[in-house]
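Undergrad: model the structure of this input:
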Amino acid sequence: MAELSRRRMLASGGALGALGALGAATPAQGRVPMNWTWAPSGSVAGTGAGSDPRWVWDEEADPLLASLLDRGAVPEVNRLLWDWNRNDQPLPHGLPQDLRAFMEKARQLPSWADKGKLETAAEFNKTRGLYLNLLNGVGGGMLSTAIPKEARAVYYSKGGADMEDRVAKTSILGFAVGALNAYRPDGNCIVNAVKTRLVHAAVRHLLQQSPHWGDDIPISQNDMLVTWHTLPTFAMRKMRDWKVPITGAESAAYLHVWQVTAHMLGIKDEYIPATWDAADAQSDQILPPAMGPTREGVELTDILLGQLAEQTSPGSISRPLCNALARYLVGDEVADWDEIPREPVWGPAMKIAWPALVKFREGLIPRPLVPEVAWAIDEAARQYILFYLTKGKETKIDIPVVNRPERAGR
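TA: Residues are numbered from 1 along each chain as shown. So this is what the prediction gives:
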């Protein structure tokens, strides 16, 4: 036990640990843990130590947030950061000096960031917004509940007790990345990425104190990469499957905005894929072993889909249609893990109507060839996106000081 405590302490400080981030998840999903073979030569850095990211966390943010929490400084920090909203906005006066120093460094774009590509990505997000918002906001959300480590981290952290608030805070960063001014001075992607990095460090510290958490440390570099691949890599693959026309420049730019975002979230450059081929290879290695069913994931999925069906306008979208659209986005295996019901009417209709809708939107077929049912599905997709967009505008990201309250747990 003494050795176990020593290792946990070292890992909490960002050192390489000996306990696996996927260790607690493996029994629940019944899958063989991966062996890290992805080479850093395929990263934006082009080089690196090649360390297994399951044993790497955030060596700069983790000890800082542990200290802030132990000092009781976080409530005042949250108050001061509430109105820090723009990329070009100075940090507020009154922040602890150690936090200010970290944030001034963390808010700087990497030297390899390409403003031209970021602008192209913004235009791509605009022209392909329906697909990207649906895939990143909803598809990524359904995938995340089928990742045991992530589902458990969400469920037992403070956000798990109020999923509307949790959806809101998750949406903030996702839609900031897709905004036209994401990385411009008047945008807020840098702000929200830095705040999210602080939240991750706080959750790492707090969850290890939860009676529902194991001896592993949450949100490793591997965990963040797994989540990253449920967003741009998943979205690009699905758009290719749907035969959405995408130029080489658009493809490279879309990858680039997410590369920059990964860096801003604290993912080390040696782990950030440099190309789509490298991203696909990394995703194929780390995503399948990280996925599987959990009770927490099933409950979170039901809450998310239930919220959507309840809060959209009457008659515009039903829970069965929500279920069918979610299942179509993530596939039967993930949907079965999440216990999303199979819909005998809407399920088959989705497989026929959605490809036709995509072709119509891309000018490949005329409207008369689109099945009538497709327009109900089109409205469902819009309602999905509206739900996530609305939630994203209702709150701001703040640093938690507690885990999920016990009364809201099991």
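
Undergrad: for P218, what are its contacts?
TA: P218 sits next to A21, K149, A153, V203, R204, L207, Q208 when contact means Cβ atoms under 8 Å, 6 or more residues apart in numbering. Backbone N, C-alpha and C define where each C-beta goes, glycine included.

Undergrad: can I get those in a markdown table with distance to A73, neighbour count and pLDDT?
TA: Below are the contacts of P218 laid out as a markdown table (distance: Cβ to Cβ, whole Å; neighbours: other Cβ atoms under 10 Å; pLDDT from 0 to 100):
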| residue | distance to A73 | neighbour count | pLDDT |
| --- | --- | --- | --- |
| A21 | 27 | 26 | 29 |
| K149 | 28 | 27 | 90 |
| A153 | 23 | 23 | 85 |
| V203 | 17 | 22 | 92 |
| R204 | 17 | 23 | 94 |
| L207 | 19 | 23 | 89 |
| Q208 | 19 | 19 | 88 |
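
Undergrad: sort out which of those are in helices and list them.
TA: K149, A153, V203, R204, L207 (DSSP state H).

Undergrad: ok, of those, which one's closest to K351?
TA: K149 (30.9 Å; Cβ to Cβ).

Undergrad: how far away is the residue lying farthest from the centre of the chain from K243?
TA: Distance to the chain centre peaks in the chain at P368, reaching 37.7 Å (criterion: Cα atoms, centre = their mean). For P368, the distance to K243 equals 20 Å [Cβ to Cβ, to the nearest Å].

Undergrad: what do you get for Y183?
TA: 29 Å.

Undergrad: picking up where we left off before, just confirm the residue farthest from the centre of the chain is within a helix.
TA: Yes: per DSSP: H, G, I helix; E, B strand; the rest coil, P368 lies within a helix segment.

Undergrad: quick one: pLDDT of it?
TA: Note on P368: pLDDT of 90.

Undergrad: from P355, how far off is it?
TA: Distance from P368 to P355, by Cβ to Cβ: 16 Å.

Undergrad: repeat that for R54.
TA: Counting by Cβ to Cβ - R54 and P355 are separated by 38 Å.

Undergrad: below-threshold pLDDT in the stretch 151-300 of the chain: ranges please.
TA: 158-170 (pLDDT under 70).

Undergrad: quick one: the helices in it?
TA: 163-177, 189-207, 221-228, 234-241, 248-264, 276-290, 295-311 (DSSP state H, counting those that start in this stretch).

Undergrad: perfect, I'm done here.
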